[in-house]
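1. sharing a model that was predicted from the sequence below.
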Amino acid sequence: MTDKMYAMLETLARLDSRLRRLQAGRTSDPALIALLLTAKETLRNRLQRLPSPMATA
């Protein structure tokens, strides 16, 4: 796993955690949740476009 891929996976995990906390809370901001969902989807798409480390081996 490359450093870039690892950093992106860490960011995705932090986004996921923040999103779960917001959705579980009593007062959830729909605009912030939508923003986090968009950021999560964008990051997932960027991860999919990265070349697989196994493909270079």
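-> It's in.
2. wait, isn't Thr11 in contact with Leu43?
-> Yes: here Thr11 reaches Leu43: they are 6.2 Å apart, a contact under Cβ atoms under 8 Å. Just so you know, the C-beta spots here come from the backbone N, C-alpha and C atoms, and that holds for glycine as well.
3. check which helix or strand the spatially most central residue of the chain maps to.
-> Centroid-nearest residue in the chain: Leu12, 2.6 Å away (criterion: Cα atoms, centre = their mean). For Leu12, the enclosing helix or strand under DSSP states H and E is helix 3-24.
4. what is that helix packed up against?
-> Judged by 3 or more Cβ pairs under 8 Å, 6 or more residues apart in numbering; DSSP states H and E, helix 3-24 is in contact with helix 30-49.
5. what does the helix it packs on contact?
-> Residues outside helix 30-49 that contact it (Cβ atoms under 8 Å, 6 or more residues apart in numbering) are Met5, Met8, Leu9, Thr11, Leu12, Leu15, Asp16, Arg18, Leu19, Leu22, Gln23.
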